[in-house]
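S.K.: how does the following fold in three dimensions:
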Amino acid sequence: MSASLVLDFDVPRPKALLGDQHFRRLVAGVKQVLSGGSFRGLRLGAAGADSSVFQRLGSELERATGLKRDDEDGELFLRFTRQAQKWRVLVRLTPRPFSARQWRVCNMEGGLNATLAAFMISRLLDGMQGSTNGFLNAMCGSGTLLVEWLLRDPRSTGDGIDMDARAIDCARRNLAAAGVSDRATLSQADATATGLPAGSVDLIAADPPWGDDIGSSEQNRALYPAFLAESARLLRRGGRLALLSHEVRLTGQLLAAEPRFSVLSETRVRHGGHHPRVWLLQRG
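M.R.: Sure, this is the predicted structure:
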(Lines give C-alpha, C1' and ligand atoms only; values in the text may rest on other atoms or scores of the structure.)
Protein backbone atom coordinates (compact mmCIF):
# COMPACT_ATOMS: atom_id res chain seq x y z
CA MET A 1 0.00 0.00 0.00
CA SER A 2 1.22 3.50 -0.74
CA ALA A 3 0.00 7.02 0.00
CA SER A 4 0.18 9.94 -2.36
CA LEU A 5 -0.17 13.69 -2.53
CA VAL A 6 -3.16 14.41 -4.82
CA LEU A 7 -2.99 17.31 -7.27
CA ASP A 8 -5.98 17.98 -9.55
CA PHE A 9 -5.63 20.22 -12.60
CA ASP A 10 -8.59 21.62 -14.52
CA VAL A 11 -7.04 20.99 -17.94
CA PRO A 12 -8.25 18.75 -20.81
CA ARG A 13 -4.79 17.62 -22.00
CA PRO A 14 -1.52 16.83 -20.18
CA LYS A 15 0.31 19.32 -22.42
CA ALA A 16 -1.37 22.10 -20.44
CA LEU A 17 0.55 20.97 -17.34
CA LEU A 18 3.62 22.52 -18.95
CA GLY A 19 2.00 25.96 -18.74
CA ASP A 20 3.64 28.26 -16.23
CA GLN A 21 0.87 28.35 -13.61
CA HIS A 22 0.13 24.62 -13.64
CA PHE A 23 3.76 23.56 -13.82
CA ARG A 24 4.73 25.79 -10.89
CA ARG A 25 1.93 24.18 -8.84
CA LEU A 26 3.12 20.71 -9.86
CA VAL A 27 6.70 21.49 -8.89
CA ALA A 28 5.58 22.98 -5.56
CA GLY A 29 3.75 19.75 -4.76
CA VAL A 30 6.73 17.63 -5.74
CA LYS A 31 9.08 19.72 -3.61
CA GLN A 32 6.70 19.39 -0.67
CA VAL A 33 7.06 15.61 -0.92
CA LEU A 34 10.83 15.87 -1.41
CA SER A 35 11.13 17.80 1.84
CA GLY A 36 9.87 14.75 3.73
CA GLY A 37 12.50 12.22 2.64
CA SER A 38 15.42 11.21 0.48
CA PHE A 39 14.69 10.16 -3.11
CA ARG A 40 16.90 8.91 -5.93
CA GLY A 41 15.63 9.57 -9.44
CA LEU A 42 12.12 10.26 -10.65
CA ARG A 43 9.68 8.12 -12.58
CA LEU A 44 6.46 8.96 -14.43
CA GLY A 45 3.51 6.64 -14.80
CA ALA A 46 0.82 7.41 -17.37
CA ALA A 47 -0.95 6.08 -20.42
CA GLY A 48 1.34 7.28 -23.17
CA ALA A 49 4.29 7.88 -20.86
CA ASP A 50 6.62 7.61 -23.88
CA SER A 51 4.86 10.41 -25.74
CA SER A 52 6.62 13.69 -26.50
CA VAL A 53 4.47 15.50 -23.92
CA PHE A 54 5.48 13.23 -21.06
CA GLN A 55 9.08 13.19 -22.26
CA ARG A 56 9.08 16.97 -21.99
CA LEU A 57 7.35 16.87 -18.61
CA GLY A 58 10.03 14.48 -17.40
CA SER A 59 12.79 16.75 -18.66
CA GLU A 60 11.28 19.85 -17.05
CA LEU A 61 10.81 18.01 -13.76
CA GLU A 62 14.44 16.87 -13.92
CA ARG A 63 15.50 20.46 -14.28
CA ALA A 64 13.22 21.71 -11.49
CA THR A 65 14.06 19.00 -8.94
CA GLY A 66 17.64 18.06 -9.78
CA LEU A 67 16.60 14.38 -9.99
CA LYS A 68 17.38 12.33 -13.07
CA ARG A 69 14.48 10.55 -14.76
CA ASP A 70 14.79 6.80 -14.25
CA ASP A 71 11.78 4.85 -15.51
CA GLU A 72 13.06 1.61 -13.97
CA ASP A 73 14.17 2.52 -10.46
CA GLY A 74 13.21 6.17 -9.91
CA GLU A 75 12.00 6.56 -6.33
CA LEU A 76 10.04 9.78 -6.79
CA PHE A 77 6.99 8.36 -8.55
CA LEU A 78 4.38 10.56 -10.25
CA ARG A 79 1.27 8.95 -11.70
CA PHE A 80 -0.79 10.95 -14.22
CA THR A 81 -4.42 9.95 -14.72
CA ARG A 82 -7.34 11.48 -16.60
CA GLN A 83 -10.48 12.29 -14.57
CA ALA A 84 -13.30 13.34 -16.96
CA GLN A 85 -12.06 16.68 -18.36
CA LYS A 86 -9.35 17.04 -15.70
CA TRP A 87 -5.93 15.53 -15.03
CA ARG A 88 -4.86 14.19 -11.65
CA VAL A 89 -1.26 13.78 -10.54
CA LEU A 90 -0.48 11.43 -7.64
CA VAL A 91 2.93 12.05 -6.09
CA ARG A 92 3.92 9.09 -3.91
CA LEU A 93 4.93 10.24 -0.44
CA THR A 94 7.72 7.72 0.16
CA PRO A 95 10.57 6.34 -1.96
CA ARG A 96 9.06 2.86 -1.88
CA PRO A 97 5.51 1.76 -1.12
CA PHE A 98 4.94 -0.44 1.90
CA SER A 99 1.86 -2.05 3.38
CA ALA A 100 3.35 -2.73 6.79
CA ARG A 101 6.42 -1.96 8.83
CA GLN A 102 8.38 -4.81 10.36
CA TRP A 103 7.36 -3.42 13.74
CA ARG A 104 3.63 -3.69 13.05
CA VAL A 105 2.49 -6.72 15.03
CA CYS A 106 -0.93 -5.33 15.96
CA ASN A 107 -3.59 -3.52 13.92
CA MET A 108 -6.69 -1.60 14.92
CA GLU A 109 -9.78 -0.95 12.83
CA GLY A 110 -9.31 2.27 10.89
CA GLY A 111 -5.56 2.20 11.59
CA LEU A 112 -3.34 4.79 9.94
CA ASN A 113 -1.13 3.92 6.97
CA ALA A 114 2.52 4.11 8.13
CA THR A 115 3.42 6.00 4.96
CA LEU A 116 1.05 8.81 5.87
CA ALA A 117 2.25 8.75 9.47
CA ALA A 118 5.84 9.31 8.31
CA PHE A 119 4.64 12.13 6.05
CA MET A 120 2.73 13.80 8.90
CA ILE A 121 5.80 13.69 11.12
CA SER A 122 7.90 15.28 8.38
CA ARG A 123 5.26 18.04 8.02
CA LEU A 124 5.38 18.71 11.77
CA LEU A 125 9.14 19.18 11.73
CA ASP A 126 9.45 21.09 8.46
CA GLY A 127 11.14 24.40 9.30
CA MET A 128 10.43 23.93 13.02
CA GLN A 129 12.62 26.08 15.25
CA GLY A 130 13.54 25.39 18.86
CA SER A 131 12.69 22.46 21.10
CA THR A 132 10.55 19.61 19.80
CA ASN A 133 10.80 17.27 22.77
CA GLY A 134 7.19 17.44 23.94
CA PHE A 135 5.41 15.18 21.44
CA LEU A 136 1.88 13.86 21.98
CA ASN A 137 0.09 11.33 19.78
CA ALA A 138 -3.54 12.00 20.68
CA MET A 139 -6.11 9.24 20.00
CA CYS A 140 -3.07 7.08 19.27
CA GLY A 141 -4.83 3.85 18.27
CA SER A 142 -2.18 1.28 17.37
CA GLY A 143 0.55 3.90 17.86
CA THR A 144 1.58 4.39 14.23
CA LEU A 145 2.32 8.12 14.57
CA LEU A 146 4.13 7.62 17.87
CA VAL A 147 6.33 4.83 16.48
CA GLU A 148 7.20 6.83 13.35
CA TRP A 149 8.09 9.82 15.53
CA LEU A 150 10.41 7.75 17.72
CA LEU A 151 12.05 5.97 14.78
CA ARG A 152 12.94 9.27 13.12
CA ASP A 153 15.34 10.35 15.88
CA PRO A 154 16.89 7.94 18.44
CA ARG A 155 17.08 10.81 20.97
CA SER A 156 13.36 11.60 20.87
CA THR A 157 10.69 10.75 23.43
CA GLY A 158 6.92 10.85 23.11
CA ASP A 159 3.55 10.19 24.72
CA GLY A 160 0.47 8.44 23.39
CA ILE A 161 -3.06 8.61 24.77
CA ASP A 162 -6.29 6.83 23.86
CA MET A 163 -9.56 6.17 25.67
CA ASP A 164 -9.65 2.55 24.48
CA ALA A 165 -7.65 0.14 26.63
CA ARG A 166 -7.37 -2.21 23.64
CA ALA A 167 -5.68 0.53 21.63
CA ILE A 168 -3.19 1.19 24.41
CA ASP A 169 -2.33 -2.52 24.53
CA CYS A 170 -1.99 -2.64 20.73
CA ALA A 171 0.27 0.44 20.69
CA ARG A 172 2.38 -1.04 23.48
CA ARG A 173 2.98 -4.19 21.42
CA ASN A 174 3.98 -2.19 18.33
CA LEU A 175 6.32 0.05 20.34
CA ALA A 176 8.00 -3.04 21.77
CA ALA A 177 8.38 -4.61 18.31
CA ALA A 178 9.93 -1.38 17.05
CA GLY A 179 12.38 -1.34 19.96
CA VAL A 180 11.31 2.12 21.17
CA SER A 181 9.25 1.31 24.28
CA ASP A 182 11.83 2.85 26.60
CA ARG A 183 11.26 6.28 25.02
CA ALA A 184 7.46 6.23 25.05
CA THR A 185 4.73 6.69 27.64
CA LEU A 186 1.21 5.39 27.01
CA SER A 187 -1.85 6.45 29.01
CA GLN A 188 -5.56 5.75 28.84
CA ALA A 189 -6.96 9.27 28.60
CA ASP A 190 -9.52 11.44 26.81
CA ALA A 191 -7.94 13.61 24.09
CA THR A 192 -10.56 16.29 24.74
CA ALA A 193 -9.75 16.49 28.47
CA THR A 194 -6.24 15.14 29.01
CA GLY A 195 -5.54 16.63 32.42
CA LEU A 196 -2.06 17.66 31.21
CA PRO A 197 -0.71 21.12 32.09
CA ALA A 198 -1.43 24.00 29.70
CA GLY A 199 1.43 24.88 27.37
CA SER A 200 3.27 21.62 28.14
CA VAL A 201 3.43 20.20 24.60
CA ASP A 202 5.48 21.23 21.56
CA LEU A 203 3.92 18.96 18.93
CA ILE A 204 0.67 17.01 18.60
CA ALA A 205 -0.18 14.49 15.88
CA ALA A 206 -3.60 12.88 15.51
CA ASP A 207 -5.87 11.08 13.08
CA PRO A 208 -9.25 11.29 14.84
CA PRO A 209 -12.23 9.19 13.68
CA TRP A 210 -13.67 10.14 10.29
CA GLY A 211 -17.11 8.67 10.96
CA ASP A 212 -16.35 5.88 8.47
CA ASP A 213 -14.91 2.74 10.10
CA ILE A 214 -15.05 4.36 13.54
CA GLY A 215 -17.49 6.84 15.02
CA SER A 216 -20.00 8.94 13.11
CA SER A 217 -20.28 12.43 11.62
CA GLU A 218 -22.72 13.33 14.40
CA GLN A 219 -20.21 12.29 17.07
CA ASN A 220 -17.45 14.16 15.26
CA ARG A 221 -19.39 17.43 15.47
CA ALA A 222 -18.85 17.21 19.22
CA LEU A 223 -15.43 15.53 19.21
CA TYR A 224 -13.56 17.78 16.77
CA PRO A 225 -14.18 21.20 18.41
CA ALA A 226 -13.45 19.75 21.84
CA PHE A 227 -10.21 18.19 20.61
CA LEU A 228 -9.07 21.40 18.87
CA ALA A 229 -9.79 23.39 22.03
CA GLU A 230 -7.81 20.96 24.19
CA SER A 231 -4.94 20.92 21.68
CA ALA A 232 -4.84 24.73 21.72
CA ARG A 233 -4.67 24.63 25.52
CA LEU A 234 -1.87 22.05 25.59
CA LEU A 235 0.38 23.54 22.91
CA ARG A 236 2.90 26.22 23.74
CA ARG A 237 2.87 29.32 21.54
CA GLY A 238 4.44 28.36 18.22
CA GLY A 239 3.67 24.68 18.82
CA ARG A 240 2.17 22.61 16.03
CA LEU A 241 -0.65 20.18 15.41
CA ALA A 242 -0.70 17.75 12.46
CA LEU A 243 -4.24 16.53 11.87
CA LEU A 244 -5.43 13.94 9.34
CA SER A 245 -9.15 13.66 8.59
CA HIS A 246 -11.73 13.08 5.88
CA GLU A 247 -14.09 15.45 7.73
CA VAL A 248 -12.96 18.21 5.38
CA ARG A 249 -15.93 20.57 5.63
CA LEU A 250 -16.31 20.26 9.39
CA THR A 251 -12.59 20.78 10.03
CA GLY A 252 -12.45 23.76 7.68
CA GLN A 253 -15.39 25.41 9.42
CA LEU A 254 -13.90 24.84 12.86
CA LEU A 255 -10.48 26.18 11.90
CA ALA A 256 -12.02 29.29 10.37
CA ALA A 257 -13.64 30.00 13.74
CA GLU A 258 -10.62 29.06 15.91
CA PRO A 259 -8.37 32.15 16.35
CA ARG A 260 -5.71 30.29 18.33
CA PHE A 261 -4.60 28.26 15.30
CA SER A 262 -3.19 29.38 11.96
CA VAL A 263 -3.15 26.95 9.02
CA LEU A 264 0.39 26.48 7.73
CA SER A 265 -0.61 23.96 5.07
CA GLU A 266 -3.49 21.77 3.91
CA THR A 267 -2.52 18.75 1.83
CA ARG A 268 -4.89 16.40 0.03
CA VAL A 269 -3.68 12.79 0.21
CA ARG A 270 -4.99 9.33 -0.61
CA HIS A 271 -5.66 6.72 2.05
CA GLY A 272 -7.67 3.53 1.74
CA GLY A 273 -9.80 4.72 -1.17
CA HIS A 274 -10.46 8.10 0.46
CA HIS A 275 -8.93 11.52 -0.16
CA PRO A 276 -8.52 13.04 3.31
CA ARG A 277 -6.53 16.16 4.20
CA VAL A 278 -3.46 16.65 6.34
CA TRP A 279 -3.62 20.01 8.10
CA LEU A 280 -0.51 21.51 9.65
CA LEU A 281 -1.58 24.04 12.28
CA GLN A 282 0.42 26.42 14.44
CA ARG A 283 -0.59 27.72 17.84
CA GLY A 284 -0.63 31.51 17.95
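S.K.: any buried residues in stretch 75-86, and which?
M.R.: Glu75, Leu76, Phe77, Leu78, Arg79, Phe80 (16 or more other C-beta atoms under 10 Å). C-beta: built from backbone N, CA, C; applies to glycine.
S.K.: ok, the spatially closest residue to Arg260 that is not a sequence neighbour to Thr267 distance?
M.R.: Nearest residue to Arg260 in three dimensions, chain neighbours excluded: Ala232, at 4.2 Å (C-beta to C-beta, 6 or more residues apart in numbering). According to C-beta to C-beta, to the nearest Å, Ala232 and Thr267 sit 21 Å apart.
S.K.: so Leu223 versus Val27, what's the distance?
M.R.: In terms of C-beta to C-beta, Leu223 sits 37 Å off from Val27.
S.K.: with Ala191 instead?
M.R.: Ala191 is 37 Å from Val27, by C-beta to C-beta.
S.K.: out of those two, which sits in the busier spot?
M.R.: Ala191 (22 against 16; other C-beta atoms under 10 Å).
S.K.: am I right that the more buried one is in contact with Ala206?
M.R.: Yes - counting by C-beta atoms under 8 Å, Ala206 is a contact partner of Ala191 at 7.0 Å.
S.K.: overlap of the contact sets of these two?
M.R.: Common contact partners of Ala191 and Ala206 (C-beta atoms under 8 Å, 6 or more residues apart in numbering): Ala138, Met139, Phe227.
S.K.: could those residues go into CSV alongside neighbour count and distance to Val105?
M.R.: Rendered in CSV, the data for the shared contacts of Ala191 and Ala206 read as follows (neighbours: other C-beta atoms under 10 Å; distance: C-beta to C-beta, whole Å):
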residue, neighbour count, distance to Val105
Ala138, 26, 22
Met139, 23, 20
Phe227, 23, 28
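S.K.: out of these, name the ones that lie in strands.
M.R.: Ala138 (DSSP state E).
S.K.: between the buried residues of stretch 75-86, which is nearest Asp153?
M.R.: Glu75 (22.2 Å; C-beta to C-beta).
S.K.: what about the stretch 101-250 of the chain, any weak spots by pLDDT?
M.R.: Along the stretch 101-250 of the chain, the parts satisfying pLDDT under 70 run over 101, 129-133, 211-215.
S.K.: mind running it again at 90?
M.R.: 101-105, 107-116, 118-119, 122-123, 125-133, 152-155, 209-220 (pLDDT under 90).
S.K.: show me where it has its helices.
M.R.: 114-125, 144-152, 165-178, 217-234, 248-256 (DSSP state H, counting those that start in this stretch).
S.K.: and the ones you listed as TSV, adding distance to Lys15?
M.R.: Putting the helices of the stretch 101-250 of the chain into TSV (distance: least, C-beta to C-beta, whole Å) gives the following:
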stretch	distance to Lys15
helix 114-125	30
helix 144-152	39
helix 165-178	46
helix 217-234	41
helix 248-256	31
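S.K.: roughly how far out does the longest strand along the chain sit from the chain middle?
M.R.: In the chain, with assignment by DSSP E, the single longest strand is strand 235-245. Relative to the chain's own centre, strand 235-245 is displaced by 13 Å; criterion: C-alpha atoms, centre = their mean, to the nearest Å.
S.K.: quick check, nearest of the buried residues of stretch 75-86 to Arg155?
M.R.: Distance to Arg155 across the buried residues of stretch 75-86 (C-beta to C-beta) is lowest for Glu75, with 27.0 Å.
S.K.: the closest residue to Phe119 other than its chain neighbours: how many residues sit nearby?
M.R.: Computed as C-beta to C-beta, 6+ apart, the closest residue to Phe119 that is not its neighbour in sequence is Leu93, at 4.6 Å. Leu93: 26 surrounding residues under other C-beta under 10 Å.
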